[in-house]
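Engineer: Provide a 3D model corresponding to the input given below.
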Amino acid sequence: MFKIIQKNILLVLIVLPGALFLPIMTVSAEENKAVQKVVSDIQASYEKINDLQSDFVQTVEIDGFDTTYISKGKVFIKKGKMLWDYIEPGKQMIYVNGDGFDFYVPDHKQVIRSRIGGQSDAHLPLKLLSGLGRLDQDFDVSFEIEPPKPGEAVHLKLIPKKHIGVNQIVITFIPSEEIKGLVIDQVVLYEENGNISTSIFEKVQINAGLNDDLFEFEIPEGIEIIQGP
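Structural biologist: The predicted model follows:
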(Lines give C-alpha, C1' and ligand atoms only; values in the text may rest on other atoms or scores of the structure.)
Protein backbone atom coordinates (compact mmCIF):
# COMPACT_ATOMS: atom_id res chain seq x y z
CA MET A 1 0.00 0.00 0.00
CA PHE A 2 2.78 2.43 0.87
CA LYS A 3 4.46 1.85 -2.50
CA ILE A 4 1.21 2.66 -4.33
CA ILE A 5 0.71 5.89 -2.40
CA GLN A 6 4.35 6.94 -2.70
CA LYS A 7 4.14 6.58 -6.48
CA ASN A 8 0.87 8.48 -6.57
CA ILE A 9 2.51 11.45 -4.84
CA LEU A 10 4.36 11.97 -8.12
CA LEU A 11 1.04 12.72 -9.79
CA VAL A 12 1.06 16.33 -8.64
CA LEU A 13 4.72 17.06 -8.96
CA ILE A 14 4.05 19.98 -11.26
CA VAL A 15 1.76 21.94 -8.96
CA LEU A 16 4.57 23.32 -6.83
CA PRO A 17 5.58 26.87 -7.78
CA GLY A 18 9.15 26.95 -8.99
CA ALA A 19 9.19 23.29 -10.07
CA LEU A 20 7.52 23.71 -13.44
CA PHE A 21 10.32 24.07 -15.98
CA LEU A 22 9.62 21.83 -18.95
CA PRO A 23 12.18 20.88 -21.64
CA ILE A 24 11.53 20.76 -25.36
CA MET A 25 11.83 17.56 -27.42
CA THR A 26 13.24 17.44 -30.93
CA VAL A 27 10.13 18.39 -32.90
CA SER A 28 9.18 20.71 -35.71
CA ALA A 29 10.00 24.38 -35.30
CA GLU A 30 6.29 25.21 -35.22
CA GLU A 31 5.50 22.73 -32.45
CA ASN A 32 8.68 23.73 -30.64
CA LYS A 33 7.44 27.30 -30.53
CA ALA A 34 3.98 26.20 -29.42
CA VAL A 35 5.37 24.10 -26.56
CA GLN A 36 7.57 26.98 -25.42
CA LYS A 37 4.53 29.27 -25.40
CA VAL A 38 2.50 26.82 -23.28
CA VAL A 39 5.39 26.29 -20.88
CA SER A 40 5.74 30.03 -20.48
CA ASP A 41 2.00 30.42 -19.83
CA ILE A 42 1.99 27.64 -17.23
CA GLN A 43 5.03 29.02 -15.44
CA ALA A 44 3.42 32.47 -15.33
CA SER A 45 0.25 30.93 -13.93
CA TYR A 46 2.00 29.11 -11.11
CA GLU A 47 4.00 32.14 -10.10
CA LYS A 48 0.65 33.59 -9.04
CA ILE A 49 -0.07 30.68 -6.70
CA ASN A 50 1.02 30.93 -3.06
CA ASP A 51 -1.03 27.95 -1.90
CA LEU A 52 -3.42 25.43 -3.37
CA GLN A 53 -5.93 22.91 -2.06
CA SER A 54 -8.04 20.38 -3.90
CA ASP A 55 -10.11 17.24 -3.60
CA PHE A 56 -8.56 14.32 -5.45
CA VAL A 57 -9.55 10.92 -6.76
CA GLN A 58 -6.75 8.47 -7.49
CA THR A 59 -7.19 5.22 -9.39
CA VAL A 60 -4.63 2.50 -9.99
CA GLU A 61 -5.27 -0.05 -12.75
CA ILE A 62 -3.04 -3.00 -11.90
CA ASP A 63 -1.82 -4.96 -14.89
CA GLY A 64 -3.38 -8.41 -15.03
CA PHE A 65 -6.17 -7.63 -12.55
CA ASP A 66 -9.76 -6.55 -13.22
CA THR A 67 -10.13 -4.68 -9.92
CA THR A 68 -9.17 -0.98 -9.86
CA TYR A 69 -7.77 0.47 -6.63
CA ILE A 70 -9.52 3.78 -5.84
CA SER A 71 -8.63 6.31 -3.14
CA LYS A 72 -10.02 9.75 -2.34
CA GLY A 73 -9.07 12.68 -0.18
CA LYS A 74 -7.74 16.23 -0.10
CA VAL A 75 -4.34 17.67 -0.90
CA PHE A 76 -2.90 20.93 0.45
CA ILE A 77 0.22 22.60 -0.97
CA LYS A 78 2.17 25.67 0.09
CA LYS A 79 5.70 26.69 -0.87
CA GLY A 80 7.34 23.27 -0.87
CA LYS A 81 5.08 21.81 1.80
CA MET A 82 2.37 19.23 1.24
CA LEU A 83 -0.34 17.40 3.10
CA TRP A 84 -2.09 14.45 1.45
CA ASP A 85 -5.13 13.60 3.55
CA TYR A 86 -6.52 10.26 2.35
CA ILE A 87 -10.12 9.66 3.45
CA GLU A 88 -11.10 6.58 1.41
CA PRO A 89 -10.71 3.64 1.57
CA GLY A 90 -8.94 4.28 4.89
CA LYS A 91 -7.48 7.21 6.79
CA GLN A 92 -3.86 7.93 5.85
CA MET A 93 -1.86 11.15 5.93
CA ILE A 94 1.34 12.09 4.15
CA TYR A 95 3.26 15.20 5.21
CA VAL A 96 5.99 16.46 2.86
CA ASN A 97 8.16 19.27 4.21
CA GLY A 98 11.33 20.21 2.41
CA ASP A 99 13.48 17.10 2.10
CA GLY A 100 11.56 14.94 4.55
CA PHE A 101 8.19 13.26 4.79
CA ASP A 102 6.02 11.40 7.30
CA PHE A 103 3.54 8.71 6.28
CA TYR A 104 0.95 8.23 9.04
CA VAL A 105 -1.63 5.45 9.25
CA PRO A 106 -3.72 6.01 12.41
CA ASP A 107 -5.20 2.50 12.42
CA HIS A 108 -1.71 0.96 12.37
CA LYS A 109 -0.44 3.35 15.06
CA GLN A 110 2.69 3.88 12.96
CA VAL A 111 4.56 6.71 11.28
CA ILE A 112 7.04 5.92 8.52
CA ARG A 113 9.57 8.77 8.56
CA SER A 114 12.06 9.27 5.75
CA ARG A 115 14.09 11.86 3.91
CA ILE A 116 14.41 12.70 0.24
CA GLY A 117 18.01 12.57 -0.78
CA GLY A 118 20.86 10.61 -2.28
CA GLN A 119 21.48 9.78 -5.91
CA SER A 120 19.03 6.90 -6.22
CA ASP A 121 16.47 7.25 -9.01
CA ALA A 122 13.88 6.04 -6.52
CA HIS A 123 14.07 9.43 -4.83
CA LEU A 124 13.29 11.40 -7.99
CA PRO A 125 9.50 11.76 -7.56
CA LEU A 126 9.83 13.15 -4.05
CA LYS A 127 12.78 15.34 -5.04
CA LEU A 128 10.55 16.96 -7.64
CA LEU A 129 7.74 17.39 -5.13
CA SER A 130 9.95 18.99 -2.53
CA GLY A 131 11.61 21.34 -4.99
CA LEU A 132 14.95 19.50 -4.83
CA GLY A 133 14.70 18.43 -8.46
CA ARG A 134 13.89 20.10 -11.78
CA LEU A 135 11.71 18.71 -14.54
CA ASP A 136 13.94 20.10 -17.26
CA GLN A 137 16.75 17.89 -16.00
CA ASP A 138 14.72 14.71 -15.86
CA PHE A 139 12.00 14.77 -18.57
CA ASP A 140 11.46 15.44 -22.27
CA VAL A 141 8.12 17.05 -23.11
CA SER A 142 5.78 17.20 -26.10
CA PHE A 143 2.06 17.64 -26.71
CA GLU A 144 0.04 14.49 -26.00
CA ILE A 145 -2.71 15.97 -28.19
CA GLU A 146 -2.17 18.51 -30.98
CA PRO A 147 -1.33 22.05 -29.83
CA PRO A 148 -4.41 23.56 -28.15
CA LYS A 149 -6.29 26.63 -29.23
CA PRO A 150 -6.63 29.56 -26.80
CA GLY A 151 -9.03 28.67 -23.97
CA GLU A 152 -8.68 24.90 -24.44
CA ALA A 153 -7.20 22.29 -22.13
CA VAL A 154 -3.49 21.52 -22.55
CA HIS A 155 -2.24 17.91 -22.57
CA LEU A 156 1.51 17.43 -22.08
CA LYS A 157 3.52 14.20 -22.28
CA LEU A 158 6.65 13.82 -20.14
CA ILE A 159 9.19 11.10 -20.95
CA PRO A 160 11.76 10.38 -18.19
CA LYS A 161 15.37 10.71 -19.26
CA LYS A 162 16.45 8.01 -16.82
CA HIS A 163 14.91 5.03 -15.08
CA ILE A 164 12.31 5.92 -12.41
CA GLY A 165 9.85 3.06 -12.93
CA VAL A 166 7.57 5.16 -15.16
CA ASN A 167 7.49 5.09 -18.97
CA GLN A 168 5.63 8.35 -19.39
CA ILE A 169 3.43 10.89 -17.61
CA VAL A 170 0.53 12.72 -19.22
CA ILE A 171 -0.54 15.97 -17.55
CA THR A 172 -3.68 17.97 -18.31
CA PHE A 173 -4.04 21.67 -17.48
CA ILE A 174 -7.28 23.63 -17.81
CA PRO A 175 -7.93 27.39 -18.00
CA SER A 176 -8.64 29.11 -14.67
CA GLU A 177 -10.47 32.41 -14.46
CA GLU A 178 -9.28 32.76 -10.86
CA ILE A 179 -5.66 33.33 -11.86
CA LYS A 180 -6.24 34.03 -15.56
CA GLY A 181 -4.02 31.12 -16.45
CA LEU A 182 -3.69 27.33 -16.41
CA VAL A 183 -4.07 24.96 -13.44
CA ILE A 184 -3.61 21.22 -13.08
CA ASP A 185 -6.63 19.02 -13.75
CA GLN A 186 -5.39 15.45 -14.23
CA VAL A 187 -2.18 13.40 -14.25
CA VAL A 188 -1.73 9.87 -15.60
CA LEU A 189 1.32 7.70 -14.90
CA TYR A 190 2.14 4.79 -17.20
CA GLU A 191 4.39 2.57 -15.12
CA GLU A 192 6.97 0.15 -16.49
CA ASN A 193 5.18 -2.77 -14.85
CA GLY A 194 2.03 -2.06 -16.88
CA ASN A 195 0.07 -0.33 -14.11
CA ILE A 196 -1.73 2.93 -14.91
CA SER A 197 -2.21 5.47 -12.13
CA THR A 198 -4.54 8.44 -12.57
CA SER A 199 -5.20 11.44 -10.33
CA ILE A 200 -8.08 13.82 -10.98
CA PHE A 201 -8.26 17.12 -9.08
CA GLU A 202 -11.59 18.71 -8.24
CA LYS A 203 -12.79 21.82 -6.40
CA VAL A 204 -9.38 23.45 -6.69
CA GLN A 205 -8.97 26.51 -4.46
CA ILE A 206 -6.07 28.90 -5.01
CA ASN A 207 -4.54 31.39 -2.58
CA ALA A 208 -7.02 30.68 0.21
CA GLY A 209 -4.39 31.62 2.79
CA LEU A 210 -3.48 28.19 4.17
CA ASN A 211 -1.94 28.34 7.64
CA ASP A 212 1.59 26.96 8.02
CA ASP A 213 0.41 24.99 11.07
CA LEU A 214 -1.59 22.75 8.71
CA PHE A 215 1.67 21.23 7.47
CA GLU A 216 3.27 20.64 10.88
CA PHE A 217 2.86 17.03 12.00
CA GLU A 218 2.84 16.39 15.73
CA ILE A 219 3.18 12.66 16.37
CA PRO A 220 0.51 11.45 18.83
CA GLU A 221 1.51 9.57 21.96
CA GLY A 222 1.77 5.81 21.62
CA ILE A 223 2.61 5.93 17.91
CA GLU A 224 5.55 3.84 16.67
CA ILE A 225 8.09 5.69 14.50
CA ILE A 226 9.67 3.64 11.74
CA GLN A 227 12.71 5.08 9.96
CA GLY A 228 12.23 4.51 6.25
CA PRO A 229 14.91 4.41 3.52
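Engineer: buried set for the lengthiest helix in the chain?
Structural biologist: Scanning the chain for the longest helix, with DSSP state H as the assignment, gives helix 29-46. Going by neighbour count (16 or more other Cβ atoms under 10 Å), the buried part of helix 29-46 is 34-35, 38-39, 41-43, 45-46. The C-beta positions use only the backbone N, C-alpha and C, and glycine is treated the same way.
Engineer: and which of those is nearest to Asp107?
Structural biologist: When those are ranked by distance to Asp107 (Cβ to Cβ), Tyr46 comes first, at 35.5 Å.
Engineer: Mind pulling the model confidence for the closest residue to Lys78 other than its chain neighbours?
Structural biologist: Nearest residue to Lys78, sequence neighbours excluded (Cβ to Cβ, 6 or more residues apart in numbering): Asp51, at 4.0 Å. Asp51 is assigned 87 on the pLDDT scale.
Engineer: how much space between Asp51 and Gln58?
Structural biologist: Between Asp51 and Gln58 the distance is 21 Å, computed by Cβ to Cβ, to the nearest Å.
Engineer: so after the longest helix of the chain, what's the next helix or strand?
Structural biologist: strand 51-61 (DSSP states H and E).
Engineer: Partner strands of that following strand, with direction?
Structural biologist: Strand pairing for strand 51-61, determined by DSSP bridges: strand 68-78 (antiparallel), strand 196-206 (antiparallel).
Engineer: that older thread, for Asp51 and Gln58, indicate the residue with more neighbours.
Structural biologist: Neighbour comparison, Asp51 and Gln58: the larger count goes to Gln58, with 24 against 20 (by other Cβ atoms under 10 Å).
Engineer: measure the more buried one to Ser28 for me?
Structural biologist: 35 Å.
Engineer: got the angle between the longest helix of the chain and strand 51-61?
Structural biologist: 120 degrees (axes from the mean of the first three to the mean of the last three Cα atoms, to 10 degrees).
Engineer: which residues sit in contact with Gln92?
Structural biologist: 5, 84, 86, 103-106 (Cβ atoms under 8 Å, 6 or more residues apart in numbering).
Engineer: And the strands in this protein?
Structural biologist: 51-61, 68-78, 81-88, 92-97, 100-105, 110-115, 139-143, 154-160, 166-176, 181-191, 196-206, 224-227 (DSSP state E).
Engineer: For Phe215, which of the ones you listed is the nearest?
Structural biologist: Where these are weighed against each other on Cβ to Cβ, the nearest is strand 81-88, at 4.1 Å.
Engineer: so what strands line up beside the closest one?
Structural biologist: Strand 81-88 is paired, per DSSP bridges, with strand 68-78 (antiparallel), strand 92-97 (antiparallel).
Engineer: Out of the helices and strands in the protein, which is least certain?
Structural biologist: Counting by mean pLDDT, DSSP states H and E, the chain has its least confident helix or strand at helix 124-130, which shows a mean of 44.
Engineer: Point out where the protein drops to low pLDDT.
Structural biologist: Counting by pLDDT under 70, the ranges of the chain that qualify are 1-27, 116-138, 229.
Engineer: mind putting the strands paired with strand 51-61 in JSON lines, distance to Thr172 and mean neighbour count included?
Structural biologist: Putting the strands paired with strand 51-61 into JSON lines (distance: least, Cβ to Cβ, whole Å; neighbours: other Cβ atoms under 10 Å) gives the following:
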{"stretch": "strand 68-78", "distance to Thr172": "16", "mean neighbour count": "18"}
{"stretch": "strand 196-206", "distance to Thr172": "9", "mean neighbour count": "17"}
